[in-house]
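J.: Turn this into a structure:
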Amino acid sequence: MKHFEKISMIIKVTFFGILVILLTVFFAYKLNQQYKLNKNTDVLVYIEGGTFIQLDVDAVSGKVYDSFQHTVSSYYIAKYETTYQLWFDVLNWAEKNGYHFENPGREGAQGKSGHLPIRYRGEPVTSVSFYDVVVWCNAYSQLKGLTPVYYSSQGEIIRDARDSNIIQLQNVVMNRDADGYRLPTEGEYLFSASCRGTCDIPPVNQDMSYLPESVVLTESNGLGLHGMSDNVWEWCWDWHGSLPKTTVEDYSGEKRGTGKIILGGRAFVADMIFSGNRVGIFPDFVNSFIGFRLAKNASREQE
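T.: Numbering: from 1, shown residues only. So this is what the prediction gives:
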């Protein structure tokens, strides 16, 4: 009897050991797959240029305050919002190569700022200012062997997003001919959100609880772009201001302003229920409801 019990115990221990090994392998595989998935969320979608009516609409009443005919050149825009995993990887490289940031970024709304990507790494990076994003885009461009897009008024590549460099940051200019990574303009974002002007700008997710999810799990629109109205708000390049009165090609906002446009996201207050609702935010502001997605010029051959 004792011999049988001993054999039974050995079998149980062996079975338990095998189960632990299998579970360990399984979770390691899942984590590796998740890492690969989240690491490659900078997939860009080619958007063929065209003309649409760009609107400034009251998000509650639907009243149109302003509009103009906007002709947009072809461009690329990211399929997903930038994840914390991608942000963290580029940030580490950037800080070793002469770039500086005021804010280290955060995993969605629940993660810790500057923390090693673990639980929420597939969620969008948040708590980064417009200036942090500009510097990050330049670093990512250099990392990929592309020409940075953002420069000082003296023609120097912007590499420092710290408050101590605020004068240079306030005068940042965009080189529209560079092939590096950048933020979309307001027009490009709205052109994308409206499926090249063929559909209405979608209402944003009105769940006030604000729990962003992994970018790959967000809904996509007719162009295959995810999360443009149901995850976090996203920085755009344009300064908030009056829209043009005439037809314009590749409009990118006024030369100066107090707030940078954010679009998309969730309805944190009642008057922010359309992803096309124009909101201007101080460019040094950070919060857990603002992230960004990448854009990039299309080559002339593709246009």
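J.: For the rest of this, base every contact and every neighbour count on C-alpha atoms.
T.: Noted.
J.: next one: stretch 163-170 to chain centre, how far?
T.: Relative to the centre of its chain, stretch 163-170 is centred 23 Å away, using Cα atoms, centre = their mean, to the nearest Å.
J.: meant to ask about stretch 181-190, not that
T.: Here the centre of stretch 181-190 is set off from its chain's centre by 11 Å, with Cα atoms, centre = their mean.
J.: so how far does that stretch reach from one end to the other?
T.: Using Cα to Cα, to the nearest Å, one end of stretch 181-190 lies 18 Å from the other.
J.: That stretch: which residues count as buried?
T.: Neighbour counts over stretch 181-190 (16 or more other Cα atoms under 10 Å) mark Tyr181, Arg182, Leu183, Pro184, Thr185, Glu186, Gly187, Glu188, Tyr189, Leu190 as buried.
J.: Show me the contact partners of it.
T.: 54, 70, 72, 77, 134, 137-138, 140-141, 146, 148-150, 201, 235-238, 250-253, 261, 263, 276, 292-296 (Cα atoms under 8 Å, 6 or more residues apart in numbering).
J.: picking that back up, out of the buried residues of stretch 181-190, which one sits closest to Gly280?
T.: The nearest member of the buried residues of stretch 181-190 to Gly280, counting by Cα to Cα, is Glu186 at 11.2 Å.
J.: While we're on Phe15, how confident is the model there?
T.: pLDDT for Phe15: 64.
J.: how much space between Ala178 and Asp56?
T.: Distance from Ala178 to Asp56, by Cα to Cα: 29 Å.
J.: Ser113 too?
T.: For Ser113, the distance to Asp56 equals 34 Å [Cα to Cα].
J.: Now Asn138: closest residue in space that isn't a chain neighbour?
T.: Spatially, and ignoring its direct neighbours in sequence, Asn138 is nearest to Pro148 (4.8 Å; Cα to Cα, 6 or more residues apart in numbering).
J.: Contacts only, for the one you found.
T.: Per Cα under 8 Å, 6+ apart, neighbours of Pro148: Cys137, Asn138, Ala139, Ser141, Gln142, Ile157, Ala178, Asp179, Gly180, Tyr181.
J.: How about Thr126?
T.: Counting by Cα under 8 Å, 6+ apart, Thr126 has contacts Tyr84, Gly105, Arg106, Glu107, Gly108, Ala109, Val286, Asn287, Ser288, Phe289, Ile290, Gly291.
J.: gap between the second one and Arg121?
T.: The reference is to Gly105. In terms of Cα to Cα, Gly105 sits 11 Å off from Arg121.
J.: swap in the fifth one?
T.: Shown here: Gly108 relative to Arg121, a distance of 8 Å by Cα to Cα.
J.: circling back to that earlier point, now, which of the buried residues of stretch 181-190 lie within strands?
T.: Tyr181, Arg182 (DSSP state E).
J.: what's the closest of the buried residues of stretch 181-190 to Lys63?
T.: Lys63 has its nearest neighbour among the buried residues of stretch 181-190 in Leu190, at 17.3 Å by Cα to Cα.
J.: separation between Ser129 and Asn221?
T.: 27 Å.
J.: domains of the protein?
T.: Using automatic domain parsing, the domain ranges for the chain come out as 1-39, 45-297.
J.: list the buried ones in the helix or strand containing Ile166?
T.: Following DSSP states H and E, one finds Ile166 within helix 166-170. Neighbour counts over helix 166-170 (16+ other Cα under 10 Å) mark Gln168, Leu169, Gln170 as buried.
J.: Among those, which one sits closest to Tyr65?
T.: Looking across the buried residues of helix 166-170 and measuring by Cα to Cα, the closest to Tyr65 is Gln170, at 28.2 Å.
J.: Determine the number of other residues adjacent to Lys63.
T.: 11 (other Cα atoms under 10 Å).
J.: Now it. Nearest residue, chain neighbours left out?
T.: Leaving aside its sequence neighbours, Lys63 sits nearest to Val57 (Cα to Cα, 6+ apart; 5.6 Å).
J.: tell me the contacts of that neighbour?
T.: With Cα under 8 Å, 6+ apart as the criterion, the residues that contact Val57 are Lys63, Val64, Tyr65, Asp66, Gly276, Asn277, Arg278.
J.: Could you check how far it is from Asp42?
T.: From Val57 to Asp42 the distance is 30 Å (Cα to Cα).
J.: Which strand or helix spans Gln85?
T.: Here Gln85, judged by DSSP H and E, is contained in helix 84-95.
J.: now for that helix, which elements pack on it?
T.: helix 2-39, strand 125-126, helix 130-143 (3 or more Cα pairs under 8 Å, 6 or more residues apart in numbering; DSSP states H and E).
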